[in-house]
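Undergrad: please work out how this folds:
(chains A and B)
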Protein chains: 2
Amino acid sequence: MEFKPISTQSLQRLPLYLNYLKSLPKDGVANISATTIAGSLNLNDVQVRKDLASVSTGGRPKIGYITEELISNLEHYLGYDNAESAVIVGAGNFGRALLSYKGFSEYGLDIIVAFDVDEFIIGTTINGKQVLSTDKIKDICSRMKIRLGIITVPENEAQGVCDALIEGGVLAILNFAHVHLNVPDHVLVQNENVASSLAVLSKHLTEKLNKN
Amino acid sequence: MEFKPISTQSLQRLPLYLNYLKSLPKDGVANISATTIAGSLNLNDVQVRKDLASVSTGGRPKIGYITEELISNLEHYLGYDNAESAVIVGAGNFGRALLSYKGFSEYGLDIIVAFDVDEFIIGTTINGKQVLSTDKIKDICSRMKIRLGIITVPENEAQGVCDALIEGGVLAILNFAHVHLNVPDHVLVQNENVASSLAVLSKHLTEKLNKN
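TA: Below is the predicted model:
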């Protein structure tokens, strides 16, 4: 069946629900209501009910959802049950941390190869993933039908790497480089930028501390 | 002097400008215009001009900004020249990666101590930072006047840890835990959530691939 289109905000909350449901004792909670989930996550009741209705038809008045069913509905909707192959470009400190990060596989992401410019690490493996030269990005992505790329290179290399990924057929980019990427309309970039978050926090601190 | 209030979006772009300016050859670019910066970062001209006017009065028609002056204006505005002490709660894999991440000190953040619940790592040091028991969060933060806390604990521990930080006087929280945190109005949380970004990217892929 078809579900209604979902807003980006709703979509971003879905992993929260899934995480919470999976944290419940396996033999304990057969049924769960949107209200219970909302209460546990400090979210709005009505919002949670609406979000869940976008991914599951299993909600029953007074009973709620069958927990296991809701988990599999969420996993299916988020594509976690159908691993997407991805590549990482940039195998420096941060790239290495990501290559060793177990969370990605839980999120339905299978990182199959890394790229770097450093000739000392090209040809090595990190956590079982081969590191190849960035010259091969377009070729490998195209051959292996990679749709998702993760960028962790220095700022001045990010746009070039991004262009190579897109030429290789990548449609979605998770960008940890601290720079704005220029992409065509059919490509979506999500920026993960700690410095920007810290800028916002730092300003908040200045304001609060000057006031007190 | 007083600058005008700045929007969160503008604030989040400031680290991009600073990073770009610092990447320029030291002996090369004495002056730089908002147009040049905008061009290099693929941003809108007018937007960049407006953002920079919020942090510096040094812009001159046809000449632009004195590069070194603009760098120090940005560093000052972002608080990078005046290190803020911070703590990390959660010294698992991801917390360890953050404790070893050199970028934080460039962003004016001085991580002085880590907290964890695991008795096997309490009392050890990671990258020169001591790991203490989470029981001491409130006390240490309060005694050392810590205003900024970084949370990298599992979801089910995050709210408790967050409450302890706030009781200790923390006003700003960088949250890597995959859960919504409930905080009083005077506290600001910035969420860094890879799973949510991946959810958005995955949906985009599904839509694109079904269409083609």
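Undergrad: isn't A:A164 right up against A:K138?
TA: Yes: assessed by C-beta atoms under 8 Å, A:A164 is found in contact with A:K138 at 5.1 Å. Where you see a C-beta, it was placed from the backbone N, CA and C, and this is true even at glycine.
Undergrad: contacts only, for A:K136.
TA: A:F115 (C-beta atoms under 8 Å, 6 or more residues apart in numbering or on different chains).
Undergrad: where's A:Q12, which helix or strand?
TA: helix A:8-23 (DSSP states H and E).
Undergrad: please apply the same query to A:H204.
TA: Going by DSSP H and E, A:H204 is in helix A:194-211.
Undergrad: what's the angle between that helix and helix B:8-23?
TA: 120 degrees (axes from the mean of the first three to the mean of the last three C-alpha atoms, to 10 degrees).
Undergrad: the top strand by length along chain A and chain B, are they touching?
TA: Longest strand of chain A, by residue count under DSSP state E: strand A:109-116. Yes: against chain B, strand A:109-116 shows contacts by C-beta under 8 Å from any C-beta of the partner chain at A:L109.
Undergrad: what do you get for stretch A:10-28?
TA: Yes: Stretch A:10-28 comes into contact with chain B (C-beta under 8 Å from any C-beta), by way of A:11-16, A:19-20, A:23.
Undergrad: list the contacts of that stretch.
TA: A:32, A:37, A:40-41, A:43, A:47-48, A:50-52, A:54-55, A:67, A:70-71, A:74-75, A:77-78, A:80, A:107, B:155-156, B:178-180, B:193, B:195-200, B:203.
Undergrad: buried ones in the least confident helix or strand in chain A by mean pLDDT?
TA: When the helices and strands of chain A are scored by mean pLDDT, DSSP states H and E, helix A:103-106 comes last with a mean of 76. For helix A:103-106, the neighbour count (16 or more other C-beta atoms under 10 Å in any protein chain shown) marks A:F104 as buried.
Undergrad: and for stretch A:131-139?
TA: A:131-132, A:134, A:137-138.
Undergrad: what's the answer for stretch A:10-28, then?
TA: A:10-21.
Undergrad: who's in contact with A:N42?
TA: B:159, B:180-182.
Undergrad: now with 7 Å, please.
TA: By C-beta atoms under 7 Å, 6 or more residues apart in numbering or on different chains, A:N42 lies in contact with B:180, B:182.
Undergrad: please apply the same query to A:N31.
TA: Contacts for A:N31 were tallied using C-beta under 7 Å, 6+ apart; they are A:63-67.
Undergrad: kindly recompute the last result at 10 Å.
TA: A:58, A:60, A:62-70 (C-beta atoms under 10 Å, 6 or more residues apart in numbering or on different chains).
Undergrad: can you give me the strands for chain A?
TA: Under DSSP E, chain A gives strands at A:31-32, A:65-66, A:84-89, A:109-116, A:125-126, A:129-133, A:148-151, A:172-175, A:188-191.
Undergrad: pairing partners for the third one, with directions?
TA: For strand A:84-89, sheet partners with direction are given as strand A:109-116 (parallel), strand A:148-151 (parallel), following DSSP bridges.
Undergrad: any chance of TSV for those strands, columns distance to B:V117, mean pLDDT and mean neighbour count?
TA: Output for the strands paired with strand A:84-89, formatted as TSV (distance: least, C-beta to C-beta, whole Å; pLDDT from 0 to 100; neighbours: other C-beta atoms under 10 Å in any protein chain shown):
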stretch	distance to B:V117	mean pLDDT	mean neighbour count
strand A:109-116	28	92	21
strand A:148-151	30	95	26
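Undergrad: appreciated, that's everything.
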